[in-house]
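**Student:** sequence unavailable; structure follows:
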């Protein structure tokens with residue numbers, strides 16, 4: 001039975017979002033035991049990564065599920081840490097330089113959280129301020145309404161605190177709705193975020209570029225499944241710092 005190209009692509013993309021950024025050497029578990037010994041840690045979604053811009057530093061994300069009275073819904077508190085690690089590998093001397101606790105930072109319902117990854121790209125917001133990102137991949141379980149997305153948030157370490165400067169925005173998305181044979185509509189979004197040349201309130205502007213590709217498919221006389229790809233749309237957004245955060249347009253929000 002013929003399958004629209006976009007639907008086939010979605011079915012291939014979704015299973016690929018299963019890898020997670022596991023922490024090596026027990027770093028996440030040690031930090032969790034030190035800071036939140038009475039809480040459960042979601043070890044599969046915990047993330048750790050060295051921060052190349054700062055030798056010896058690592059970033060750690062500790063996701064901790066919250067009890068929920070709503071069946072099928074799980075909220076996650078996040079603990080974000082910037083850690084200085086000793087040159088001699090003595091894990092007892094790992095030092096927390098900065099941290100932030102975000103209650104109910106992520107929610108998993110019909111759309112599952114596939115993984116949480118740390119992005120240490122070149123997010124130089126000011127002369128002495130470099131941000132790091134948290135990327136979250138989501139996936140829906142429905143074959144009729146396939147859905148997958150990747151979001152990005154940005155944080156800076158200032159003094160002993162980690163502070164969010166960019167709320168969760170959706171960069172990549174694959175979605176659609178079809179009858180599981182042919183008829184349906186599908187959408188694919190691919191986005192990038194880069195640091196701009198101009199600045200607002202002391203921090204560089206952020207430039208988000210997204211391309212959107214959509215298609216429609218339906219049965220034609222003779223039993224042929226015909227798919228029509230619509231013209232690609234390119235949109236560019238400039239996000240300007242307001243002194244606290246980068247306000248984001250509705251089109252980029254993960255809602």
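**Tutor:** Right, received. Where do you want to start? It should be emphasised that the depicted structure is a prediction, and the values quoted were computed from it without experimental measurement. Residues are numbered from 1 along each chain as shown.

**Student:** so for residue 49, what's the nearest residue that isn't a sequence neighbour?
**Tutor:** Residue nearest to residue 49 in three dimensions, not counting chain neighbours: residue 118, with 4.1 Å by Cβ to Cβ, 6 or more residues apart in numbering. (Glycine included, C-beta is placed from N, CA and C.)

**Student:** for the one you found, which residues are in contact?
**Tutor:** 21, 47, 48, 49, 59, 61, 132, 133, 134, 135 (Cβ atoms under 8 Å, 6 or more residues apart in numbering).

**Student:** identify the bridge partners of the fifth one.
**Tutor:** Meaning residue 59. As for beta bridges, residue 59 partners with residue 49, residue 82 under DSSP bridges.

**Student:** parallel or antiparallel, which strands does the host helix or strand of the residue nearest to residue 49 pair with?
**Tutor:** Using DSSP states H and E, residue 118 falls within strand 111-126. Under the criterion DSSP bridges, strand 111-126 sits next to strand 129-140 (antiparallel) in its sheet.

**Student:** what mean pLDDT does the strand it pairs with get?
**Tutor:** Strand 129-140 shows a mean pLDDT of 95.

**Student:** and for stretch 67-82?
**Tutor:** 88.

**Student:** so which bits of that stretch are buried?
**Tutor:** 74, 75, 76, 77, 78, 79, 80, 81, 82 (16 or more other Cβ atoms under 10 Å).

**Student:** returning to what we had before: got the buried residues for the strand holding residue 118?
**Tutor:** 111, 113, 114, 115, 116, 117, 118, 119, 120, 121, 123, 125.

**Student:** the third one and residue 137 touch, don't they?
**Tutor:** Think residue 114. Yes: counting by Cβ atoms under 8 Å, residue 114 does reach residue 137; the two are 4.1 Å apart.

**Student:** so how far is residue 185 from the nearest residue to residue 60 once chain neighbours are set aside?
**Tutor:** Closest residue to residue 60 apart from its sequence neighbours, by Cβ to Cβ, 6+ apart: residue 81 at 4.3 Å. Separation of residue 81 from residue 185 (Cβ to Cβ, to the nearest Å) stands at 43 Å.

**Student:** distance between the strand or helix carrying residue 75 and the chain's centre?
**Tutor:** Using DSSP H and E, the element containing residue 75 is strand 74-84. Relative to the chain's own centre, strand 74-84 is displaced by 14 Å; criterion: Cα atoms, centre = their mean, to the nearest Å.

**Student:** that strand packs against which elements?
**Tutor:** helix 27-35, strand 57-66, strand 95-108, strand 161-178 (3 or more Cβ pairs under 8 Å, 6 or more residues apart in numbering; DSSP states H and E).

**Student:** and if we set it to 6 Å?
**Tutor:** In terms of contacts (3 or more Cβ pairs under 6 Å, 6 or more residues apart in numbering; DSSP states H and E), strand 74-84 is packed against strand 57-66, strand 95-108.

**Student:** which helices and strands does the shortest one pack with?
**Tutor:** The criterion is 3+ Cβ pairs under 6 Å, 6+ apart, and the helices and strands that strand 57-66 contacts are helix 27-35, strand 47-50, strand 74-84.

**Student:** so which helix or strand takes in the residue of the chain most remote from its centre?
**Tutor:** Most distant residue from the mean C-alpha position of the chain: residue 222, 43.9 Å away (Cα atoms, centre = their mean). Remark: residue 222 resides in no helix or strand, with elements defined by DSSP H and E.

**Student:** quick one, phi psi at it?
**Tutor:** Main-chain torsions, residue 222, degrees, to the nearest 10: phi 100, psi 0.

**Student:** tell me the pLDDT at it?
**Tutor:** 79.

**Student:** kindly report the same for residue 19.
**Tutor:** 40.

**Student:** residue 59 versus residue 44, what's the distance?
**Tutor:** Residue 44 is 18 Å from residue 59, where distance means Cβ to Cβ.

**Student:** more crowded one of the two?
**Tutor:** residue 59 (24 against 12; other Cβ atoms under 10 Å).
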